[in-house]
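[1] Coordinates for the following, if possible.
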Amino acid sequence: MNYTVENLEKNKAKITVKVDSKDWQNALQKAYEKTKNKYQIGGFRKGHVPYKVIVNAYGIEVFVNDALDIILPQEYGKVLDQEKDIEPVDTPEVGINAISDATLEFTLTVQCKPDFTLGKYTGLEITRDKVEVSDEEVMTEINAKLDEAGAWIPVVDRPAKNGDQVIIDYSGSVDGVKFDGGTAEKQTLLLGSGNFIPGFEAQVEGMNIGEDRDIKVTFPQEYHEKTLAGKEAVFAIKLHEINVKEVPALDDESVKDISEFDSVDEYKANVRKNIEDKKNAEADSKLENDLIQMIADDSKVEIPQCMIDQQVDDMVQEFEQRLQYQGLNAKDYYKYTGMTQDKLKEGYKENAAKTVKMRLTLEALLKAIQIPVSEEDVDDKISEMAKSAGKTFEEYKGYINEQYREYLKRDIITSKLFEYLKNNNTIK
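    The predicted model follows:
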């Protein structure tokens, strides 16, 4: 393989490659092996037509696309192995200069990582969020745990009220006609939760067990089912059960049930520490983010549009995946909200540009500071993980492949980088 590299403006490189005849013919042969079963010519069984016969009949063009798919990545990889200064950030544009059964010459126009002028990264002043934990926060956490430990107890001597859990049948209709999804039996409803149509739950309040009642509600104008939006509906309700949650009082006995502690004071102290630890972790994370943002703001770079577009695509993909985790379909989300993927992308562009610049800043810092990480550092990290998992180092080490070991090394480097930045800047 012979190649030349020409540096173009805006951090682009033009690579011209002349492929060795033997390598090109080998790629054509592989393309033939891949597609030969498609061809049937008189005198030959299907799949057994010789390469030259097919070329004579149809021309070399029938194999070119598949052969290019084989040879281009192969030759491009060879160039990148040699040219360490070329750091692609996008798929290259391909141009074919010359092609025959023995000759291939092509060009790759590559968008490279932009030049980056790192801003000041020591001697800065930055503020870390102050961490405080109030008694109210502690009690909110404890009350949530007590509520989880509570039990629903049947009520038979009073009407339903806000906060009760009720079991109901309901059947809804608009203009006397029942609609899809408007009927259910033995449906559990927490009064006051706001899970049903506005006004529905409030009208169930006051009902007694065994009572039937018709209630009127109006669907919101922005209701997801357009055929019902803004319309008045009547629901026939039958109430079967009323339950009230009994929550244990906070005392030493209940603490033993909901935690590993024996007293209220011990439990409160632990809850406070957990909240404080969480807030400290959040404050540290924000401080690190703010440090990189401050350095990025002082750095100079002209970011290629393709890097921003790729980041936008990643953000949209991550958003749609979050919808899936919540049981929502992206197409339905766009349909019911009036949002489109293009609008979503437009809204992400500014943040995407900031994210790319911060990533480039982090890479430039790592290159400038040259954080050393030894194999012993990685082993120490694995030992910590083993201890947390209740295993010995040797046991846990068996789960760690080389790829994950490299991931741990990068994680250690990043942690040491932030330690360096914190030690070399003033944090208030």
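[2] the strands in the stretch 201-350 of the chain, which residues?
    With DSSP state E, counting those that start in this stretch as the criterion, the stretch 201-350 of the chain has strands at 212-218, 232-246, 300-301.
[3] Name the stretch among these that sits most buried.
    Among the strands of the stretch 201-350 of the chain, strand 232-246 has the highest mean neighbour count (mean count of other Cβ atoms under 10 Å), at a mean of 17. (Glycine included, C-beta is placed from N, CA and C.)
[4] who does it pair up with?
    strand 151-154 (antiparallel), strand 165-174 (antiparallel), strand 212-218 (antiparallel) (DSSP bridges).
[5] Off-centre distance for the last one?
    The one in question is strand 212-218. The chain centre lies 43 Å from the centre of strand 212-218; the measure is Cα atoms, centre = their mean, to the nearest Å.
[6] neighbouring contacts of that strand?
    197-200, 203-204, 207, 230-239 (Cβ atoms under 8 Å, 6 or more residues apart in numbering).
[7] same check, this time on stretch 23-30
    Taking Cβ under 8 Å, 6+ apart as the rule, stretch 23-30 contacts 1, 51, 60, 63-64, 66-68, 70-71, 74-75, 101-104.
[8] do stretch 407-415 as well
    Surrounding stretch 407-415, the residues in contact under the criterion Cβ under 8 Å, 6+ apart are Leu362, Leu366, Ile371, Val373, Asp377, Val378, Lys381, Ile382, Ile400.
[9] Nearest the middle, which residue of this structure would you pick?
    Against the mean C-alpha coordinate of the chain, by Cα atoms, centre = their mean, the closest residue is Glu318 at 3.8 Å.
[10] Mind pulling up the pLDDT for that residue?
    pLDDT for Glu318: 96.
[11] Same question for the one 4 residues further on.
    At Arg322, the predicted lDDT confidence score is 94.
[12] gap between it and Met315?
    Per Cβ to Cβ, to the nearest Å, Arg322 is found 11 Å from Met315.
[13] same check, this time on Ile99
    Distance from Ile99 to Met315, counting by Cβ to Cβ: 40 Å.
[14] what does Val244 give?
    For Val244, the distance to Met315 - Cβ to Cβ - is 45 Å.
[15] Please, where are all the helices along this structure?
    Using DSSP state H, the helices of the chain run over residues 21-35, 51-58, 61-82, 135-149, 200-204, 252-258, 264-297, 305-325, 330-337, 341-369, 375-388, 393-397, 402-423.
[16] Tell me which of these approaches Lys186 most closely.
    Comparing these by their distance to Lys186 (Cβ to Cβ), the top pick is helix 200-204, with 14.5 Å.
[17] ok, Lys12 - contacts?
    Thr109, Val110, Gln111, Cys112.
[18] List the beta-bridge partners for it.
    Going by DSSP bridges, Lys12 forms beta bridges with Leu8, Gln111.
[19] tell me the average confidence for stretch 341-360?
    Mean pLDDT, computed over stretch 341-360, is 96.
[20] any residues touching it, and which ones?
    Contacts of stretch 341-360 (Cβ under 8 Å, 6+ apart): 113-114, 116, 289, 292-293, 296, 299, 301, 303, 307-308, 311-313, 315-316, 319, 334.
[21] Only alpha carbons, please: show it as PDB.
    Extracted as PDB, the C-alpha positions of stretch 341-360 are listed here (Å, rounded to 0.1, in the frame of the first residue of the first chain):
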ATOM      1  CA  GLN A 341     -37.300  14.400  17.100                       C
ATOM      2  CA  ASP A 342     -36.100  17.300  15.000                       C
ATOM      3  CA  LYS A 343     -37.400  19.800  17.600                       C
ATOM      4  CA  LEU A 344     -35.800  17.700  20.400                       C
ATOM      5  CA  LYS A 345     -32.500  17.800  18.500                       C
ATOM      6  CA  GLU A 346     -32.700  21.500  18.100                       C
ATOM      7  CA  GLY A 347     -33.200  22.000  21.800                       C
ATOM      8  CA  TYR A 348     -30.200  19.800  22.600                       C
ATOM      9  CA  LYS A 349     -27.700  21.600  20.300                       C
ATOM     10  CA  GLU A 350     -26.400  24.300  22.800                       C
ATOM     11  CA  ASN A 351     -25.900  21.800  25.600                       C
ATOM     12  CA  ALA A 352     -24.300  19.300  23.200                       C
ATOM     13  CA  ALA A 353     -21.700  21.900  22.100                       C
ATOM     14  CA  LYS A 354     -20.900  22.500  25.800                       C
ATOM     15  CA  THR A 355     -20.600  18.800  26.500                       C
ATOM     16  CA  VAL A 356     -18.200  18.300  23.600                       C
ATOM     17  CA  LYS A 357     -16.100  21.200  24.700                       C
ATOM     18  CA  MET A 358     -15.900  19.900  28.200                       C
ATOM     19  CA  ARG A 359     -14.900  16.400  27.000                       C
ATOM     20  CA  LEU A 360     -12.200  17.900  24.800                       C
END
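[22] Give the buried residues for it.
    Leu344, Tyr348, Ala352, Ala353, Thr355, Val356, Lys357, Met358, Leu360 (16 or more other Cβ atoms under 10 Å).
[23] that older thread, deepest-packed of the helices of the chain, please.
    Each of the helices of the chain was scored by mean neighbour count; the highest is helix 200-204, a mean of 19, by mean count of other Cβ under 10 Å.
[24] All good on my end, thank you.
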